[in-house]
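Q: build me a model from this:
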Amino acid sequence: MRVDSLGELCCPAPVVVATVDGRFVTRAADGTLVERRLTAAGVQRLRDEVVGTGLFVSDREVRLELTPAASPVPHGISARAFRVWNGARTVTVSSPVLQQSEEVFYKPSPARTQLDALAARLTAPDSWLPVTAWAVEAPRPYVADGFRVVSSAEPVGGSPPDVDAIDWPFTTSIADFGEPLGATSQVFVPIGPGTRPLRCAALDANDARSARGAWERAGAKVNDFPDGAFITVLAWGAAGSGIVLFAQALMPDQSSCGDSY
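A: Residues are numbered from 1 along each chain as shown. Take a look at the predicted model:
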(Lines give C-alpha, C1' and ligand atoms only; values in the text may rest on other atoms or scores of the structure.)
Protein backbone atom coordinates (compact mmCIF):
# COMPACT_ATOMS: atom_id res chain seq x y z
CA MET A 1 0.00 0.00 0.00
CA ARG A 2 0.98 3.61 -0.47
CA VAL A 3 -0.29 6.92 0.85
CA ASP A 4 0.65 10.09 -1.03
CA SER A 5 0.18 13.64 0.19
CA LEU A 6 -0.84 16.14 -2.48
CA GLY A 7 -0.18 19.81 -1.76
CA GLU A 8 -2.46 22.66 -2.71
CA LEU A 9 -0.35 23.54 -5.74
CA CYS A 10 1.87 20.63 -6.71
CA CYS A 11 3.10 17.18 -6.69
CA PRO A 12 2.28 14.07 -4.68
CA ALA A 13 4.84 13.07 -2.07
CA PRO A 14 4.94 9.61 -0.45
CA VAL A 15 3.88 9.56 3.19
CA VAL A 16 3.62 5.79 3.72
CA VAL A 17 4.80 2.87 1.58
CA ALA A 18 4.47 -0.74 2.73
CA THR A 19 5.40 -3.74 0.60
CA VAL A 20 4.66 -7.44 0.92
CA ASP A 21 8.30 -8.22 1.78
CA GLY A 22 7.95 -6.19 4.98
CA ARG A 23 9.50 -2.85 4.03
CA PHE A 24 7.66 0.00 5.76
CA VAL A 25 8.69 3.54 4.84
CA THR A 26 7.17 6.65 6.40
CA ARG A 27 7.78 10.38 6.04
CA ALA A 28 8.80 12.15 9.24
CA ALA A 29 7.60 15.63 10.20
CA ASP A 30 10.80 17.20 8.83
CA GLY A 31 10.27 15.61 5.41
CA THR A 32 12.91 12.91 5.78
CA LEU A 33 12.05 9.29 5.03
CA VAL A 34 12.61 6.49 7.53
CA GLU A 35 12.29 2.74 7.10
CA ARG A 36 11.32 -0.12 9.39
CA ARG A 37 10.79 -3.77 8.50
CA LEU A 38 7.80 -5.94 9.34
CA THR A 39 7.68 -9.69 9.89
CA ALA A 40 5.34 -11.76 7.72
CA ALA A 41 2.87 -11.68 10.60
CA GLY A 42 3.29 -7.92 10.82
CA VAL A 43 2.52 -7.52 7.12
CA GLN A 44 -0.67 -9.53 7.61
CA ARG A 45 -1.61 -7.46 10.67
CA LEU A 46 -1.14 -4.27 8.64
CA ARG A 47 -3.15 -5.69 5.73
CA ASP A 48 -5.98 -6.65 8.10
CA GLU A 49 -5.97 -3.17 9.62
CA VAL A 50 -6.17 -1.40 6.27
CA VAL A 51 -8.50 -3.69 4.33
CA GLY A 52 -10.62 -4.21 7.43
CA THR A 53 -11.73 -0.58 7.35
CA GLY A 54 -13.97 -1.44 4.38
CA LEU A 55 -12.78 1.72 2.63
CA PHE A 56 -10.94 -0.03 -0.20
CA VAL A 57 -13.58 -2.04 -2.02
CA SER A 58 -13.57 0.17 -5.11
CA ASP A 59 -11.93 3.31 -6.47
CA ARG A 60 -13.50 6.55 -5.32
CA GLU A 61 -12.90 10.20 -4.57
CA VAL A 62 -14.25 11.55 -1.29
CA ARG A 63 -15.54 15.04 -1.95
CA LEU A 64 -16.26 18.02 0.27
CA GLU A 65 -19.82 19.30 0.66
CA LEU A 66 -20.41 22.83 1.89
CA THR A 67 -22.78 23.40 4.76
CA PRO A 68 -25.71 25.77 4.06
CA ALA A 69 -24.61 29.42 3.86
CA ALA A 70 -20.94 28.51 4.24
CA SER A 71 -18.50 30.85 2.49
CA PRO A 72 -14.90 29.75 3.08
CA VAL A 73 -12.09 31.84 1.64
CA PRO A 74 -11.25 30.29 -1.76
CA HIS A 75 -7.90 28.49 -1.84
CA GLY A 76 -6.36 25.22 -2.90
CA ILE A 77 -7.02 22.20 -0.74
CA SER A 78 -4.51 19.48 0.08
CA ALA A 79 -5.43 15.83 -0.29
CA ARG A 80 -4.27 12.29 0.32
CA ALA A 81 -4.32 9.43 -2.15
CA PHE A 82 -4.42 5.88 -0.78
CA ARG A 83 -3.45 2.99 -3.07
CA VAL A 84 -4.17 -0.36 -1.47
CA TRP A 85 -3.83 -3.89 -2.80
CA ASN A 86 -7.07 -5.47 -1.60
CA GLY A 87 -6.17 -9.01 -2.64
CA ALA A 88 -7.51 -8.73 -6.17
CA ARG A 89 -6.32 -5.37 -7.47
CA THR A 90 -5.02 -1.98 -6.44
CA VAL A 91 -7.80 0.30 -5.22
CA THR A 92 -7.28 4.07 -5.19
CA VAL A 93 -9.18 6.29 -2.76
CA SER A 94 -8.50 10.03 -2.46
CA SER A 95 -9.69 12.41 0.22
CA PRO A 96 -9.29 16.13 0.93
CA VAL A 97 -7.34 17.23 4.00
CA LEU A 98 -8.70 20.21 5.91
CA GLN A 99 -7.35 22.43 8.66
CA GLN A 100 -9.38 21.99 11.85
CA SER A 101 -10.54 25.62 11.62
CA GLU A 102 -12.16 24.90 8.22
CA GLU A 103 -14.22 21.88 9.25
CA VAL A 104 -17.13 24.16 10.19
CA PHE A 105 -17.64 25.05 6.51
CA TYR A 106 -18.24 21.48 5.37
CA LYS A 107 -20.66 18.67 6.11
CA PRO A 108 -19.26 15.83 8.23
CA SER A 109 -17.89 12.92 6.21
CA PRO A 110 -17.52 9.54 7.95
CA ALA A 111 -15.26 8.30 5.15
CA ARG A 112 -12.96 11.32 5.39
CA THR A 113 -12.82 10.98 9.18
CA GLN A 114 -11.89 7.30 8.84
CA LEU A 115 -9.22 8.05 6.25
CA ASP A 116 -7.72 10.81 8.40
CA ALA A 117 -7.56 8.42 11.35
CA LEU A 118 -6.04 5.66 9.22
CA ALA A 119 -3.36 8.00 7.87
CA ALA A 120 -2.46 9.03 11.43
CA ARG A 121 -2.08 5.38 12.48
CA LEU A 122 -0.04 4.45 9.44
CA THR A 123 2.44 7.29 9.97
CA ALA A 124 2.97 6.18 13.59
CA PRO A 125 2.95 2.38 13.23
CA ASP A 126 5.02 1.73 16.34
CA SER A 127 2.22 3.26 18.43
CA TRP A 128 -0.14 0.33 17.76
CA LEU A 129 1.66 -2.55 16.06
CA PRO A 130 2.98 -5.04 18.66
CA VAL A 131 6.67 -5.77 19.10
CA THR A 132 6.14 -9.17 17.47
CA ALA A 133 5.09 -7.44 14.22
CA TRP A 134 8.58 -6.04 13.69
CA ALA A 135 11.69 -7.60 12.25
CA VAL A 136 13.37 -4.18 12.62
CA GLU A 137 11.33 -1.81 14.80
CA ALA A 138 13.72 1.15 15.17
CA PRO A 139 13.33 3.58 12.27
CA ARG A 140 16.45 4.23 10.23
CA PRO A 141 17.06 6.63 7.34
CA TYR A 142 15.61 5.37 4.09
CA VAL A 143 18.29 4.63 1.50
CA ALA A 144 16.94 4.48 -2.04
CA ASP A 145 18.08 1.71 -4.37
CA GLY A 146 17.58 3.97 -7.38
CA PHE A 147 16.44 7.33 -8.71
CA ARG A 148 14.34 8.80 -11.48
CA VAL A 149 16.23 11.60 -13.20
CA VAL A 150 13.73 13.91 -14.90
CA SER A 151 15.02 16.69 -17.15
CA SER A 152 13.28 19.77 -18.50
CA ALA A 153 14.59 22.26 -21.07
CA GLU A 154 13.52 25.72 -19.91
CA PRO A 155 14.74 29.26 -19.20
CA VAL A 156 17.24 29.46 -16.33
CA GLY A 157 18.85 32.31 -14.43
CA GLY A 158 22.31 32.87 -13.06
CA SER A 159 25.46 31.41 -14.59
CA PRO A 160 25.25 27.62 -14.31
CA PRO A 161 27.92 25.54 -16.08
CA ASP A 162 27.28 24.62 -19.68
CA VAL A 163 26.05 21.16 -20.56
CA ASP A 164 29.16 20.69 -22.70
CA ALA A 165 31.36 21.27 -19.63
CA ILE A 166 30.02 18.18 -17.91
CA ASP A 167 32.24 15.09 -17.95
CA TRP A 168 29.13 12.98 -18.41
CA PRO A 169 29.64 9.30 -17.48
CA PHE A 170 26.97 7.96 -19.86
CA THR A 171 26.99 7.50 -23.62
CA THR A 172 23.68 9.33 -24.17
CA SER A 173 24.02 13.12 -23.94
CA ILE A 174 22.35 15.03 -21.11
CA ALA A 175 20.01 16.74 -23.59
CA ASP A 176 18.73 13.35 -24.79
CA PHE A 177 19.06 11.44 -21.54
CA GLY A 178 16.09 9.21 -20.78
CA GLU A 179 12.82 8.78 -22.65
CA PRO A 180 10.13 11.45 -23.21
CA LEU A 181 7.33 11.36 -20.66
CA GLY A 182 3.93 11.12 -22.29
CA ALA A 183 1.12 13.53 -21.57
CA THR A 184 -0.61 10.90 -19.44
CA SER A 185 2.46 10.04 -17.36
CA GLN A 186 1.89 9.93 -13.61
CA VAL A 187 5.48 11.01 -12.87
CA PHE A 188 5.24 14.37 -11.10
CA VAL A 189 8.24 16.53 -10.26
CA PRO A 190 8.61 20.10 -8.93
CA ILE A 191 10.11 21.62 -12.08
CA GLY A 192 8.71 23.73 -14.86
CA PRO A 193 6.81 22.54 -17.93
CA GLY A 194 9.83 22.90 -20.16
CA THR A 195 10.02 23.85 -23.82
CA ARG A 196 9.73 20.23 -24.94
CA PRO A 197 8.43 17.06 -23.25
CA LEU A 198 10.04 16.11 -19.96
CA ARG A 199 12.50 13.25 -20.22
CA CYS A 200 13.05 10.57 -17.59
CA ALA A 201 15.79 8.02 -16.96
CA ALA A 202 15.87 5.43 -14.17
CA LEU A 203 19.28 4.99 -12.54
CA ASP A 204 20.52 2.76 -9.77
CA ALA A 205 22.00 4.47 -6.73
CA ASN A 206 25.60 4.16 -7.97
CA ASP A 207 24.80 5.69 -11.37
CA ALA A 208 22.84 8.50 -9.69
CA ARG A 209 25.88 9.30 -7.57
CA SER A 210 28.03 9.31 -10.71
CA ALA A 211 25.67 11.78 -12.40
CA ARG A 212 25.68 14.04 -9.35
CA GLY A 213 29.46 13.89 -9.12
CA ALA A 214 29.76 14.99 -12.76
CA TRP A 215 27.52 18.00 -12.16
CA GLU A 216 29.41 19.03 -9.04
CA ARG A 217 32.85 18.67 -10.60
CA ALA A 218 31.75 21.07 -13.34
CA GLY A 219 30.71 23.62 -10.72
CA ALA A 220 26.94 23.08 -10.78
CA LYS A 221 25.07 23.79 -7.57
CA VAL A 222 23.14 20.75 -6.40
CA ASN A 223 20.30 21.33 -3.96
CA ASP A 224 19.09 18.52 -1.71
CA PHE A 225 15.57 17.76 -0.51
CA PRO A 226 14.84 16.12 2.87
CA ASP A 227 13.52 12.95 1.20
CA GLY A 228 16.79 12.25 -0.65
CA ALA A 229 15.92 13.95 -3.95
CA PHE A 230 18.30 16.48 -5.48
CA ILE A 231 18.15 19.03 -8.28
CA THR A 232 20.55 21.02 -10.44
CA VAL A 233 20.51 23.49 -13.34
CA LEU A 234 22.78 23.58 -16.38
CA ALA A 235 23.08 26.08 -19.22
CA TRP A 236 22.25 24.86 -22.70
CA GLY A 237 21.88 26.46 -26.10
CA ALA A 238 20.98 30.15 -26.37
CA ALA A 239 21.63 32.64 -23.57
CA GLY A 240 19.18 32.16 -20.72
CA SER A 241 18.26 28.64 -21.82
CA GLY A 242 19.10 25.59 -19.78
CA ILE A 243 18.22 22.16 -18.48
CA VAL A 244 16.80 21.46 -15.03
CA LEU A 245 17.54 17.95 -13.77
CA PHE A 246 15.64 16.51 -10.82
CA ALA A 247 16.70 13.20 -9.27
CA GLN A 248 13.80 11.65 -7.33
CA ALA A 249 14.52 8.81 -4.93
CA LEU A 250 12.53 5.72 -5.91
CA MET A 251 10.39 4.13 -3.22
CA PRO A 252 10.31 0.36 -2.57
CA ASP A 253 7.18 0.01 -4.75
CA GLN A 254 8.74 1.81 -7.72
CA SER A 255 11.26 0.67 -10.29
CA SER A 256 11.28 2.97 -13.29
CA CYS A 257 9.86 5.96 -15.11
CA GLY A 258 7.07 3.73 -16.38
CA ASP A 259 5.54 3.06 -12.98
CA SER A 260 2.01 4.37 -12.56
CA TYR A 261 3.03 6.36 -9.46
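
Q: pretty sure residue 112 contacts residue 96?
A: Yes: counting by CB atoms under 8 Å, residue 112 touches residue 96, with 6.9 Å between them. Placement of C-beta: from N, CA and C, glycine included.

Q: intersection of neighbour lists for those two?
A: residue 62 (CB atoms under 8 Å, 6 or more residues apart in numbering).

Q: and the chain, what are its domains?
A: 2-141, 146-249 (automatic domain parsing).

Q: any chance of those domains in a markdown table with distance to residue 255, mean pLDDT and mean neighbour count as columns?
A: Below are these laid out as a markdown table (distance: least, CB to CB, whole Å; pLDDT from 0 to 100; neighbours: other CB atoms under 10 Å):
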| stretch | distance to residue 255 | mean pLDDT | mean neighbour count |
| --- | --- | --- | --- |
| domain 2-141 | 12 | 91 | 15 |
| domain 146-249 | 7 | 90 | 17 |
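
Q: rebuild the ones you listed as CSV, extending it with distance to residue 258.
A: Putting these into CSV (distance: least, CB to CB, whole Å) gives the following:
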stretch, distance to residue 258
domain 2-141, 16
domain 146-249, 8
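
Q: quick one: closest of those to residue 257.
A: For residue 257, the closest of those is domain 146-249, at 3.7 Å, according to CB to CB.

Q: how long is that closest one end to end?
A: 6 Å (CA to CA, to the nearest Å).

Q: mind listing the strands in this protein by residue range?
A: Ranges of strands in the chain, per DSSP state E, are 2-6, 12-18, 23-27, 33-38, 60-61, 78-85, 90-97, 134-141, 146-155, 179-180, 199-204, 222-224, 230-235, 241-249.

Q: could you dump these to TSV with distance to residue 256?
A: Listed next are the strands of the chain as TSV, based on distance: least, CB to CB, whole Å:
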stretch	distance to residue 256
strand 2-6	16
strand 12-18	16
strand 23-27	18
strand 33-38	19
strand 60-61	27
strand 78-85	17
strand 90-97	17
strand 134-141	23
strand 146-155	8
strand 179-180	10
strand 199-204	4
strand 222-224	23
strand 230-235	19
strand 241-249	12
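
Q: residue 165: which of the ones you listed is closest?
A: Using CB to CB, these put strand 230-235 closest to residue 165, at 8.4 Å.

Q: what residues does the closest one touch?
A: 156, 158-163, 166, 174, 191, 212, 215, 220-225, 241-247.

Q: mind doing that once more with 6 Å?
A: 156, 160, 162-163, 215, 220, 222-224, 242-247 (CB atoms under 6 Å, 6 or more residues apart in numbering).

Q: so which pair among the residues you listed is furthest apart in space?
A: Checking the contacts of strand 230-235 with CB to CB, the most distant pair is 162 and 224, at 22.9 Å.

Q: how about the contacts made by the most far-flung residue of the chain relative to its centre?
A: Most distant residue from the mean C-alpha position of the chain: residue 69, 36.9 Å away (CA atoms, centre = their mean). Residues near residue 69 by CB under 6 Å, 6+ apart: none.

Q: how close does it get to residue 98?
A: Distance, residue 69 to residue 98, by CB to CB, to the nearest Å: 18 Å.

Q: what do you get for residue 181?
A: From residue 181 to residue 98 the distance is 32 Å (CB to CB).

Q: for residue 65, same thing?
A: 12 Å.

Q: one more: residue 13?
A: Counting by CB to CB, the gap from residue 13 to residue 98 is 18 Å.
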